[in-house]
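J.: What follows is a protein structure lacking sequence information:
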């Protein structure tokens, strides 16, 4: 074989081809001289010639030979040397795809630098490795700077917690709505995945809304801040959510029709709307009711949440008075936000006392006086 290569080289006129051929010949000589003693030399020479060949289609026959040599090297030489070859080629942008595919399918110690950083691999190459290789191969792919929705779907389809988390925490991962839904089902079983999931800026808002049914309580704050950043977000999202099977069952038909009406008309909530929606939303969903109140009053959600959490119904009365909230709406808000059992306030004598105190505070000042108090409190917190 060596003699044949030398004869062919003598007939070549192209300097690059001649150089490539003699470099390959040198590698073959090294293999003949004692493979076990020439691992490093073979690996270094092979990596260099692969880089020199690049992806030049005019040298395709030498690519084929180099490719066969890579296969032989993968089968024979020590893992540390193969790792060095992979690290060397992973940094190159002009390496034949066939060669990087071989290394990408090697054992993970060799494949990792290729899967993590090699730019010559295509989506179909990554998907093939993700589907057919190990969880660690998938984890390596999840570390790439950027990858497509197709690749993301192939990585998370095995529902492996570590891989899913790596995809979620990678800002360069593009994730489709269907893949987000699949991740959501996994996150229900693995609460530690819920934090990176809700913090994805591309998390669909409707999915975020649906997560309120099962996400751990500590993340409700982040979800509502995400939702609350959208103009009239609550009305729009509820309008979309009533068509979702899991949420449609929790809302009375009359409330769904009412929400459809004001979403379609893009009008502001009326007093009757607010009361009806408070009554129609699930009785235990105080967090959702706070979002509705925030949207209606144009009061920051954080302010409403902190006021309710502290049980300060008197200050809530001041906020409502300052926002010109009508007395029947205000009373409904207090009942649903400050009762011990939202939606069943009349069953608890203590809740009635809270309502009376709040109403007394509400009636004791004019809207102008209430607005002055709110402004003074705002200045004092700066």
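T.: Everything's here; your move. Computed from a predicted model, the values in this text were never measured in an experiment.
J.: all helices of the stretch 201-350 of the chain, in order?
T.: In chain order, the stretch 201-350 of the chain shows helices spanning 205-211, 220-228, 233-241, 245-248, 253-265, 271-280, 286-297, 301-309, 313-322, 327-338, 349-363, with DSSP state H, counting those that start in this stretch as the criterion.
J.: Pull out the buried residues from the helix or strand just after the longest one.
T.: Using DSSP states H and E, the helix or strand that follows helix 349-363 in sequence is helix 367-381. For helix 367-381, the neighbour count (16 or more other Cβ atoms under 10 Å) marks 370, 371, 374 as buried. C-beta here means a position set from N, CA and C on the backbone, and glycine is covered the same way.
J.: Next, the angle from helix 367-381 to helix 301-309.
T.: Here the directions of helix 367-381 and helix 301-309 differ by 100 degrees (axes from the mean of the first three to the mean of the last three Cα atoms, to 10 degrees).
J.: got a list of contacts for helix 367-381?
T.: Applying Cβ atoms under 8 Å, 6 or more residues apart in numbering, the contact partners of helix 367-381 are 318, 319, 321, 322, 324, 365.
J.: give me every residue that touches the second one.
T.: Residue 319 sits next to 297, 299, 303, 304, 307, 370, 374 when contact means Cβ under 8 Å, 6+ apart.
J.: Now with 10 Å, please.
T.: With contact taken as Cβ atoms under 10 Å, 6 or more residues apart in numbering, residue 319 is in contact with 293, 297, 299, 303-304, 307, 312, 325, 330, 333, 362, 370-371, 373-374, 377.
J.: Of these, just say which sits nearest to residue 203.
T.: Distance to residue 203, by Cβ to Cβ, is smallest for residue 304 among these, at 22.7 Å.
J.: in the stretch 51-200 of the chain, which segments are predicted with low confidence?
T.: Applying pLDDT under 70 to the stretch 51-200 of the chain flags the ranges 51-77, 94, 96.
J.: Could you report the separation of the residue lying closest to residue 149 once chain neighbours are set aside from residue 168?
T.: Once flanking residues are discounted, residue 149 sits nearest to residue 176: 4.3 Å by Cβ to Cβ, 6 or more residues apart in numbering. Using Cβ to Cβ, to the nearest Å, residue 176 is found at 14 Å from residue 168.
J.: Between the two, which contacts overlap?
T.: In the contact map built from Cβ under 10 Å, 6+ apart, the residues linked to both residue 176 and residue 168 are residue 152.
J.: Pick out whichever of those two has more residues nearby.
T.: Legend: neighbour count by other Cβ atoms under 10 Å for residue 176 and residue 168, higher for residue 168 (25 against 15).
J.: who touches the more buried one in this structure?
T.: Residue 168 makes contact with 142, 152, 156, 175, 180, 183, 187, 193-200, 203 under the criterion Cβ under 10 Å, 6+ apart.
J.: Residue 307 too?
T.: If you count contacts by Cβ under 10 Å, 6+ apart, residue 307 has them with 290, 293, 299, 313, 314, 315, 316, 317, 318, 319, 337, 338.
J.: Can you get me a residue count around the fifth one?
T.: Read it as residue 314. Counted with other Cβ under 10 Å, the neighbours of residue 314 add up to 15.
J.: Which member of the buried residues of helix 367-381 is positioned nearest residue 84?
T.: Distances from residue 84 to the buried residues of helix 367-381, taken as Cβ to Cβ, are shortest for residue 374 (67.1 Å).
J.: and that closest one, what pLDDT?
T.: Reading off the per-residue confidence, residue 374 sits at a pLDDT of 88.
J.: Could you report the pLDDT at residue 235?
T.: Looking at residue 235, the pLDDT reads 56.
J.: Also residue 287?
T.: For residue 287, the model assigns a pLDDT of 79.
J.: Touching, it and residue 211? I think so.
T.: No. Taking Cβ atoms under 10 Å as the definition, residue 287 is not a contact partner of residue 211, at 11.7 Å.
J.: Neighbour count for these two, which is higher?
T.: The neighbour count for residue 287 versus residue 211, taken as other Cβ under 10 Å, is higher for residue 211 (21 against 17).
J.: so what's the more buried one up against?
T.: Taking Cβ under 10 Å, 6+ apart as the definition of contact, the neighbours of residue 211 are 180, 184, 187, 188, 194, 197, 198, 203, 219, 220, 223.
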